[in-house]
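>>> Got a predicted structure here, sequence first:
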Amino acid sequence: MDLITTDASPVLPALEAPWADEVRAHPTMLADIAHAVGGPFHVLYPEQFGDNVLALRAALRDAGVGGGVYFGKKANKSGCWLPECARTGAGVDVASEPELVHALAGGVRGADLVVTGAAKKDSLLWLAIRHQCLIAVDALDELDRVIEAAKRTGVARIQLRVLPPPDPASRFGLDPAELDEALHRCVRASGHVEMEGFSFHLNGYRVPPRARLAAELVDRCVRARALGLAAGSVDIGGGFAVSYVDEEHWRAYADGHQDGWFHAGKRFSHFYPYHQAPTGAAMLAAILRSEVDGGGTVAEKFAATGTRMLMEPGRALLDRTGFSAFPVQGLKRRGGYAIATVGGLSMSVSEQWKNSEFLPDPVLWPNTGRHEPVGVCVGGASCMEYDMLTWRKVPMPRQPEPGDLLVYPNTSGYQMDKNETEFHQLPLPSRVVVDRADGTLRWRLDR
Ligand SMILES: *Cc1c(COP(=O)(O)O)cnc(C)c1O
């Protein structure tokens, strides 16, 4: 048999949680699910999500800082995370009425929601006030609409979103002059709005700009308290880093990158940094122990002023909580590599829609058959030339065959359903929730 490996890229094996290996090693589970749903599907494991929440909460507690975690809901639409938020004491960051209602229906109380987004419509503001949600006010005219709604409806809990100095071109947040004006309007509207603090959401995944801005906003809280406002919290937003592959594999890939590793010589404008450090709760701990101007750490500054630290992680709470499985429908050879076509569309691997690619290796399942390595890229079941789930020629132990699955690891954070569509009137992938009963794995459809 010819071993065709010349065209393959280096391997990028995904870092995964033990549950994912357990599900794939289970004698019947994946085959049963594939048979039951008859198409592509996402597998979700909420218990890992809960563990991720608890790790962040522990980092706050260990640093002696009060505060809380809001799940940035836009990163995944499934309902199965919401009872985990309720169980672990997390809130949810929502940006639309359907997201708000979904969070309530999932058991998260209105007082544990923060409503973010630009220029929120009046009906969303009204709903947020009715349910005592915290509202992140993004502009002065929005503040006026909140105050008007509060006069008719009840006290509005708000935080003021800050235009972050490290991202001066951002369309979000209030600049320093607008912040001063907003504070005065809050003072005048006391009795209608409760100004609870400040928030920001930064691009990128770096610790220092978050530490610096968080510390600066503690000072702003202290000054706002002198005006008679509550100003008890700083919300540092999301952007907690995630590592999908280990450093060694990522470096070998990034340093050696060649266009020839991709079908049709495809080029990309950028890639997510698939290896990063620190990540998740370790990144929060690094923010908390960062030194601030004037001495001491971020944590000490929050603790000394009795300021609570809030955050809105999306991707980081979903790390290693799910994977996506696509049934192989066909295979063709192209020179030194193969193209597998799967049931499903590249819209279900959202990175493809940002002129980028989700790089962790898809895994061929089942892991059986003769070892005959080949580089494989993966196309979707549409008529579009560009509908490729994976342009990279991924080294696989044998060629995929109809009846196999290609499993995309760690896809819950933004990959699964940010851009999914029913193109060709194909149904969206099914969602399967896995948990344990008496220690035994079992599955159900997500509601
Ligand atoms: C998207 C978003 C988040 C979540 O960002 P992650 O990078 O997924 O952590 C948090 N807050 C706001 C305001 C957002 O827009």
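Great, that's in hand. Residues are numbered from 1 along each chain as shown.
>>> Can you tell me what sits against stretch 238-253?
The contact list for stretch 238-253 (Cβ atoms under 8 Å, 6 or more residues apart in numbering) reads 9-15, 56, 72, 93, 201-205, 210, 272-280, 283-284, 311-316, 319, 359-360, 409-410, 413. (Glycine included, C-beta is placed from N, CA and C.)
>>> sorry, that was for stretch 335-346
For stretch 335-346, using Cβ under 8 Å, 6+ apart, the contacting residues are 4, 6-8, 39-40, 263, 326-333, 352-353, 374-382, 386-389, 393, 399-400, 406, 420-421, 423-424, 426, 429.
>>> Quick check: the residue most central in space within the chain vs the ligand, distance?
Note on the chain: the residue nearest the mean C-alpha position is R315, at 2.1 Å, using Cα atoms, centre = their mean. As judged by Cβ to the nearest ligand atom, to the nearest Å, R315 and the ligand stand 4 Å apart.
>>> likewise K77?
13 Å.
>>> Check E22 too.
26 Å.
>>> List the buried residues in the longest helix seen in the chain.
Taking DSSP state H as the criterion, the chain has its longest helix at helix 207-226. Neighbour-count burial for helix 207-226 flags 207, 209-218, 220-221, 224-225 (criterion: 16 or more other Cβ atoms under 10 Å).
>>> gap between it and the chain center?
Helix 207-226 sits 25 Å away from the centroid of its parent chain (Cα atoms, centre = their mean, to the nearest Å).
>>> Show me what it packs onto, helices and strands only.
Under the contact criterion of 3 or more Cβ pairs under 8 Å, 6 or more residues apart in numbering; DSSP states H and E, helix 207-226 touches strand 193-199, strand 233-235, helix 280-288, helix 298-304.
>>> what angle sits between that helix and helix 280-288?
Helix 207-226 and helix 280-288 are oriented at 60 degrees to each other (axes from the mean of the first three to the mean of the last three Cα atoms, to 10 degrees).
>>> Could you check helix 207-226 against the ligand for contacts?
No - on the criterion Cβ under 6 Å from any ligand atom, helix 207-226 is out of touch with the ligand, staying 11.4 Å away.
>>> can you count the residues close to the residue of the stretch 301-447 of the chain found nearest the ligand?
Using Cβ to the nearest ligand atom, the closest approach of the stretch 301-447 of the chain to the ligand is made by G314 at 2.6 Å. For G314, the neighbour count with other Cβ atoms under 10 Å is 21.
>>> Within range of the ligand, give me the residues from the stretch 1-150 of the chain.
Going by Cβ under 6 Å from any ligand atom, the residues of the stretch 1-150 of the chain near the ligand are G72, K74, A75, D93, T116.
>>> Name the nearest of these relative to the ligand.
G72 (3.1 Å).
>>> per-residue pLDDT, the closest one?
Predicted confidence (pLDDT) for G72: 98.
>>> Would you mind confirming that it makes contact with P313?
Yes - using Cβ atoms under 8 Å, G72 is in contact with P313, at 6.0 Å.
>>> Determine the longest strand present in this protein.
strand 322-334 (DSSP state E).
>>> What pairs with that strand, parallel or antiparallel?
strand 41-44 (antiparallel), strand 337-342 (antiparallel), strand 405-408 (antiparallel) (DSSP bridges).
>>> Adding mean neighbour count, mean pLDDT and distance to H257 as columns, could you present the ones you listed in CSV?
Formatted as CSV, the strands paired with strand 322-334 follow (neighbours: other Cβ atoms under 10 Å; pLDDT from 0 to 100; distance: least, Cβ to Cβ, whole Å):
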stretch, mean neighbour count, mean pLDDT, distance to H257
strand 41-44, 26, 98, 29
strand 337-342, 23, 97, 17
strand 405-408, 25, 98, 21
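>>> quick revisit: for the record, mean pLDDT for the longest strand of the chain?
97.
>>> likewise stretch 130-141?
Stretch 130-141 comes out at a mean pLDDT of 98.
>>> so how far does it reach from one end to the other?
One end of stretch 130-141 sits 20 Å from the other (Cα to Cα, to the nearest Å).
>>> Return the set of buried residues in it.
In terms of neighbour count (16+ other Cβ under 10 Å), stretch 130-141 has its buried residues at H131, Q132, C133, L134, I135, A136, V137, D138, A139, L140.
>>> just stretch 371-378 next, same as before
Buried residues in stretch 371-378 (16+ other Cβ under 10 Å): V374, G375, V376, C377, V378.
>>> ok, now how distant is the second one from D180?
Right, G375. Distance from G375 to D180, counting by Cβ to Cβ, to the nearest Å: 59 Å.
>>> Check the first one too.
According to Cβ to Cβ, V374 stands 63 Å off from D180.
>>> what do you get for the fourth one?
C377 sits at a distance of 55 Å from D180 (criterion: Cβ to Cβ).
>>> cool, and the last one?
If you measure V378 against D180 using Cβ to Cβ, the figure is 53 Å.
>>> surely G68 meets V92?
No - using Cβ under 8 Å as the test, G68 is too far from V92 to be in contact (11.1 Å).
>>> Compare these two and say which is more crowded by neighbours.
Using other Cβ under 10 Å as the criterion, G68 and V92 rank with V92 on top: 27 against 19.
>>> Can you tell me the element the more buried one falls in?
When secondary structure is defined by DSSP states H and E, V92 falls within strand 91-94.
>>> Report the distance from that strand to the chain centre.
12 Å.
>>> same deal with stretch 125-140?
Mean-position distance between stretch 125-140 and its chain equals 23 Å (Cα atoms, centre = their mean).
>>> Ends of it, what's the gap?
End to end - Cα to Cα - stretch 125-140 spans 14 Å.
>>> what's the answer for stretch 287-296, then?
Across stretch 287-296, first to last residue, Cα to Cα, it's 13 Å.
>>> That stretch - what's its average pLDDT?
96.
>>> How about that stretch and the ligand, touching?
No - judged by Cβ under 6 Å from any ligand atom, stretch 287-296 and the ligand are separated, with a smallest distance of 13.3 Å.
>>> what sits up against that stretch?
Under Cβ under 8 Å, 6+ apart, the answer for stretch 287-296 is 59-60, 63, 65, 207-208, 210-212, 214-215, 236, 297-299, 301-302, 304, 309.
>>> do stretch 417-433 as well
Outside stretch 417-433, the residues touching it (Cβ under 8 Å, 6+ apart) are 33, 37, 39-46, 74-78, 80, 324, 344-345, 347-348, 350, 353, 381-383, 416, 443-446.
>>> try it again with 7 Å
Stretch 417-433 is contacted by residues 33, 37, 39-44, 46, 76-78, 80, 324, 344-345, 347-348, 350, 353, 382, 443-446 when judged by Cβ atoms under 7 Å, 6 or more residues apart in numbering.
>>> Would you map out the domains in the protein?
18-45+321-445, 47-241+277-311 (automatic domain parsing).
>>> In helices only, show me the contacts of stretch 417-433.
I33, V37, P46.
>>> ok, the nearest residue to W126 once chain neighbours are set aside - how many residues close by?
The shortest distance from W126 to any non-neighbouring residue, by Cβ to Cβ, 6 or more residues apart in numbering, is to A149 (5.5 Å). Residues lying near A149 (other Cβ under 10 Å) number 23.
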